[in-house]
Structures are given as structure tokens and as C-alpha cells.
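Visitor: my questions are about this predicted structure, shown below with the sequence.
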Amino acid sequence: MSETELPPASPRTTFEEAALGRVHQMPGGMRAVAQRAVDAGLIDPGFFGVNPAGITEQRPNLEMVGSAVGLEAIILRTGRPPLLVRNDAIVIDPIAEIALAPDTDLKALDAAAIVRMNRFLPSIGRVEFLNHQMQWGGTGWVIEEKGDRRWVVTNRHVAKLVARRKWDGSGVFLRSVAGPLYGMKLDTREEVGAPQNGERECPVERIVYLADDSEADCALLEISVTATCQPAPLPLAEHRAKVGETIGVIGYPAYDDRNEQSAMRHYFGDLFNVKRFSPGLVTQSGSGLLLMHDCTTLGGNSGSCLLSVDQDAVVGLHFSGSFGVANSAVSVETLRQLQTGRLFVVNAPSEAHVAPEAEAADGSHTADHFAGRAGYEPAFLDNAPPVPIPDLDAVIGDLATPADEQADKPRELRYTHFGVYYSRSRRTPLFTAVNIDGERAKRIKRVSPDIWFFDERIDRSLQLGKHYYVGDLDRGHMVRREDPNWGENAQLANDDTFHYTNAALQHALLNRAKTQWQGLENYILDSSRTMGFRACVFTGPVLTDNDPALGIENVQIPMEFWKVVVMPRTDGGLHATGYLLSQGDMIRSLLEQRKTESSANESANEGFQLGEFRTFQLAIKHIEQATGLRWPALDGADPLAPHGNEAVSAVTYMPLDSLEDIVT
């Protein structure tokens, strides 16, 4: 079809009107470059539905132009061409030769400058994902050398596809729907026609920094180098980029369904996801955190570096843009702070989190208040062996020492009918131990509102008081209020449970399983009441580095809780069962470890799906493995205990849909 036979223009859509407005704002020089490319036969305007007449008019002749979107695509493709990279070299095609001619606005980007840019290419790669439905998510580049490791900078929103931020500003990988942890790698090749042999891939070992949503859109990844992939850090510019400074964005533009599809496909020649060099100019600078530029970018350019032709160094980190509209980048000043670690700050408590003195309902008890408290009694069960607390060898260094510590009960905070062992590092109970006497149980009405107390036998700064329980977080009793309420001291036991040493942060998500967990506790207590026998119950949080941050100091929120229940058997032995309130993370972790330890169990974690929080019955051996605690006295007492080779390879757990599912 000739240019005179183009179909008549239909009424313009809102998208067309927006494109037309952008065309009007483009420099006349870009339209002149487009006209030269059309005149040279390098672009067929009919392919874009555009009549060539009027392209170089100051204001295009709209009746003759036809498609405003197509016109915009022609001008951008010729004025800001996204150049392919092959064999670590930028390819100059005929359109690029016209766009980079001495009389264009990109004249600073001559052949010599292009050659200088080539040396940076091996340090820029595609950020690819492991165990994720997306193969990759953006671009990254080496900013710092750390011995045999490298620090790679990309965007926060790229890393957050597979990771989340911890309290200290670092990141941890999330889990896939199927269970395995996500991962990342940096592939510094992924060029058009490049071999897919993995020689230029470097695995991400850890997430050094993951910016908060209120901070600059940055993330730092640490990669390990290999024999065939040892990228060097890119230099950072000494000066902030100025308006009009010639730059190039190097990254991996991906097919982006947010844009006008036909124009984008024609513009990129239907060739996406490969390394490209996109030249352009800085359009806004100022003195803030951001730069604006007009280089051609798409979604996969997130995390691309902005290389200044004038300074021969990086001036920014691209993080957002709209095809043919505008692009934003983090400035070099922020990148320097990131490089030196000055952005790695831990959030301090804010005034908004601190309860005013006038509203402080919390109380405090000194050591004298607890005189005569016996704490947990191991020899409590009738006609059964003692049930001592678990071995503390692996955790003793982290336990707080009470001012009234007894030699025969080291580290125990003694209360009425129960004891607490408190973690200094996590500022939460590591575990509690309570004696329940069903025959002598008393029901004590709860008084509202609750008043909680600090226990001055340990440092008050270790205890998480009222102002830490923000939002939907609950004070989770580790020893449940009703459990120690028996005998003549039932009221005193009830009151003792309201100490912060007996409370753990409980996330709102746990509410979905609260009924099942409390149902289990009621079952234990009611059974002991009905049967008239006794029980010893241990409870605690599963503490991991992956627990989410509260956002106050270095406090993390436990996401899983365990319980071990010990009762006497009629034959004079012990019967012990373990339980887990969980979304399945601990079980998944155990399964992954078993897969590593035993090749005979390659499919151990197949079919295990993470879901909502629920209650599981779990072998006590596996609670021991996850917590570092050990109950030698319970060997042989657990009906779910693995035997023989299963002790190495199996993870025994039972989802409890009802209390009748409990294995006794």
C-alpha cells in the first residue's frame, strides 16, 4: 500500500491523543532524524500506519499523519534507538548512524564514545529468579568489589518479587507456593544470539540491603564470582548529571503489556529480553534524589545503570518509566551512600510508638514480690518418672539470669506453678514450662482491662512492654492464663501469667488458626480435669532469622509456635506429644534438610503445600531440631517418634483438622 493509499484516519482514542501530545513536545531535531530515516528507506512508515508528510512539521499535519502512536514510534525509534549488544559490543545499525550523526542532539555519542561504553557491558546483567514463575525481573550491575564477592545494585521492586526486608535493612528470600525458597542469579550475557551455557552467571549469595518502601528504590545483592564470570565494579561519577548531559541506559527491555502493543513490537523489532544500549539525554536534574531522562526503556530496564558519556561513569539507577513518556532514576549521590553502607540504618523507636506516661497502665514487680515462688516442678506427675526441662546446653548463653536465680534451677524465672526461660537476643520467652493439676483446677474470672507487669528480676530493657504491641499484634500468653490456676494459690498463679516475660508478640495472621490452637489447649486442660490427672506442658516460639521485623529497634515477630504435652501412662511411663501452630515453614525447612542429608528421600518435600496457619501434630524430635532444645527424658514417649532409618530421613507431621485427629 503506498503512502497515498493509507486508510483514512479513524477518530483518535485517548491513547492516540496522549501520543500526539508527546509528539508535539519532542524536539524538532528528533523529527528531522525520523524524516531522514524514512527518506533513506530505513523505515516503512506505512508499516506503522503513518503518512510521511508532515513528520518534520513544527506541528504535524494531523490529517496527513494518520496514527499518532505510529508517528511517535517512528520518531522514538530513530531519535532514541535501543541498540542491540552482541559479544560485549554495542551494534551500530544504519538507523543508529543517522541518530548519532554530528548534527543531532546525540552528537556527543560518537564512535569513540561507543567504544568506551563497551568496556562496561560485562558488568551488567539480567537479574534472574530461581523457583519462581517469572524467569527474571530486571537488570543489575556491579557497584563494589568485596574480595571474591561482588555487590550488585538493582531496584527494590525487583528484589521484592522474591524477597522481603528484615529489621536490619537486609533481605531474606521468600518461599514459593510449592515451598522451596526463591533465589536469584546475575546473568551478565543474555545478548541476542549469545550461547546459553551459563558461563556468565553468578549466584546471589545474600541480599545485603533491601530499601524500605519510603526510601530510594534500591537493593544490594552479593554475588560470588566464578572462573568464567568475574565482573568488575562500574565507576560512579564524581558529579551529578546536568540537564542535557548525554547518557546511555544499559539493560534488558522486556515486552511490556502496559504500552501500545503494535508500535512497541515494531519499535523493538519483536526482540525483547536481551541486552541493549539506549542513548538519550538527562531532561531534569535539580538537587533531589532523582534524575529524569528520555532514553528508551521498558519494564525489564528496572535496575539499569545510567552511564554518562561526558563523565565516563555511572550517574544514576533507572527505576521507573513510561514508554515514550518519561523515565526516572536514582541519582549518583544516593548510589555513593549505598556503596559505603551509609543507607544501612536500623529504624529507631519513634514517638508514635511510645506510650505517654499518663496512659501507661503497665505495672512492675521487684524480686521481693516473687518470694516463695517454686516455679516448674519436674517431679509432678503421679506414678510416673520426672519430666525435667529440656537440656539448655545449646541456648544457655542467650538466657537471661534472674536476680533470684536458684542453683538447682539455673536461668528459670520462677512463678506459681510455672517457669519461664527468657531469650535475651530476641527479648521473648524461649520456652515456658507449666504444671497442670486437673483434679484441683479452679476457674477464675478474667478482670478487664488486663494489667501487665514488668518482672524486675531481669533487665527491664529486655522486656517488650505495651508500646511494642502496635496495630493488630497481641500479647500472646505462653503459659495460658487458665493452665496454672489450681490449688490454694490459683489466683496468684492467674496473676503471675500477666508478666511481659510470659508474653510473645503474636501476628494478626495467627488469628486464623487461633481457634484450633486454643481448642488444643482446652482439650489438654479439659482432659486433665475430666480424668483427674496431671500434665506438664512446654510452649515456645520458633525463632528464625527470617521472622518479619516489627519496625521498632531490632524486634522480630515469631510466626510459629510449638507445644509439647507430657502426661502419665497407666503403665507408669510417660506419654508425650508435640504440636506446631504454623503456616508450614518449619516443616518445609525440615523436609529440605532431610533432602540434603539423605539422597534416599529425594521426594520428601513433594506435595507439601504452604497455606494458611493451622495446627499440626509433629514429632517432638523435629521440634528439638528446630529449637535447639532436647528432652532426653521423653525418648520413647512420643507416638509419632520416627524409628530406625526414619529418624534420619522422615519428617512426621499430622495436620489437625479436628481434635479427633490427634495421635495418642
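Guide: Received the coordinates, thanks. Numbers count the residues shown, from 1 in each chain.
Visitor: so what are the domain limits for this structure?
Guide: 3-79, 83-121+236-340, 124-224, 363-661 (automatic domain parsing).
Visitor: weakest of those in terms of mean pLDDT?
Guide: Comparing mean pLDDT across the domains of the chain, the lowest value falls on domain 3-79: a mean of 66.
Visitor: how about the strands in the stretch 551-664 of the chain?
Guide: Applying DSSP state E, counting those that start in this stretch to the stretch 551-664 of the chain gives strands spanning 561-568, 574-582, 614-618, 653-655.
Visitor: what do you get for the stretch 101-250 of the chain?
Guide: 124-130, 136-146, 149-154, 163-165, 171-173, 183-187, 201-210, 219-224, 246-251.
Visitor: rewinding a little: okay, the strands of the stretch 551-664 of the chain in JSON lines with distance to residue 202 and mean neighbour count next?
Guide: In this view, the C-beta of every residue, glycine as well, is placed from N, C-alpha and C. Below are the strands of the stretch 551-664 of the chain laid out as JSON lines (distance: least, C-beta to C-beta, whole Å; neighbours: other C-beta atoms under 10 Å):
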{"stretch": "strand 561-568", "distance to residue 202": "38", "mean neighbour count": "23"}
{"stretch": "strand 574-582", "distance to residue 202": "34", "mean neighbour count": "23"}
{"stretch": "strand 614-618", "distance to residue 202": "38", "mean neighbour count": "22"}
{"stretch": "strand 653-655", "distance to residue 202": "37", "mean neighbour count": "17"}
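Visitor: format these as JSON lines; extra columns: distance to residue 414.
Guide: Conversion of the strands of the stretch 551-664 of the chain to JSON lines gives the following (distance: least, C-beta to C-beta, whole Å):
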{"stretch": "strand 561-568", "distance to residue 414": "19"}
{"stretch": "strand 574-582", "distance to residue 414": "23"}
{"stretch": "strand 614-618", "distance to residue 414": "29"}
{"stretch": "strand 653-655", "distance to residue 414": "33"}
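Visitor: so which of those gets nearest residue 132?
Guide: With C-beta to C-beta, the closest approach to residue 132 among those belongs to strand 574-582: 22.9 Å.
Visitor: return the distance of the residue nearest to residue 663 when sequence neighbours are not counted relative to residue 214.
Guide: Spatial nearest neighbour of residue 663, excluding adjacent residues (C-beta to C-beta, 6 or more residues apart in numbering): residue 639 at 5.1 Å. Counting by C-beta to C-beta, to the nearest Å, the gap from residue 639 to residue 214 is 51 Å.
Visitor: quick one: residue 444 is in a strand?
Guide: No: looking at residue 444 with DSSP: H, G, I helix; E, B strand; the rest coil, it is coil, so not inside a strand.
Visitor: distance-wise, check the residue nearest in space to the middle of the chain relative to residue 504.
Guide: By C-alpha atoms, centre = their mean, the chain has its centre lying nearest to residue 164, at 1.2 Å. Noted for residue 164: a distance of 21 Å to residue 504, by C-beta to C-beta.
Visitor: now do residue 544
Guide: 14 Å.
Visitor: when these two are compared, which one has more neighbours?
Guide: Shown here are residue 544 and residue 504; by other C-beta atoms under 10 Å, residue 504 has more neighbours (26 against 15).
Visitor: on that earlier part again, residue 639 and residue 214: which is more packed in?
Guide: Set residue 639 next to residue 214 and count neighbours by other C-beta under 10 Å: residue 639 wins out with 13 against 5.
Visitor: for residue 536, see how far away the more buried one is.
Guide: Distance of residue 639 to residue 536, given as C-beta to C-beta: 17 Å.
Visitor: how about residue 642?
Guide: From residue 642 across to residue 536, the span is 23 Å (C-beta to C-beta).
Visitor: give me the more crowded residue out of these two.
Guide: More crowded of residue 642 and residue 536, by other C-beta under 10 Å: residue 536, with 26 against 16.
Visitor: sticking with that one, tell me its helix or strand.
Guide: strand 534-541 (DSSP states H and E).
Visitor: swap in residue 314?
Guide: Going by DSSP H and E, residue 314 is part of strand 313-322.
Visitor: what residues of whatever helix or strand comes next after that strand count as buried?
Guide: The first helix or strand that comes after strand 313-322 along the chain, using DSSP H and E, is strand 326-331. Buried residues in strand 326-331, counted by 16 or more other C-beta atoms under 10 Å: 327, 328, 329, 330, 331.
Visitor: separation between the fourth one and residue 577?
Guide: Same thing as residue 330. When distance is defined by C-beta to C-beta, residue 330 is 54 Å away from residue 577.
Visitor: can you give me the helices in the stretch 251-400 of the chain?
Guide: 261-268, 332-340 (DSSP state H, counting those that start in this stretch).
Visitor: before we move on, the earlier item: would JSON lines of the domains of the chain with distance to residue 230 be doable?
Guide: Formatted as JSON lines, the domains of the chain follow (distance: least, C-beta to C-beta, whole Å):
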{"stretch": "domain 3-79", "distance to residue 230": "36"}
{"stretch": "domain 83-121+236-340", "distance to residue 230": "14"}
{"stretch": "domain 124-224", "distance to residue 230": "8"}
{"stretch": "domain 363-661", "distance to residue 230": "28"}
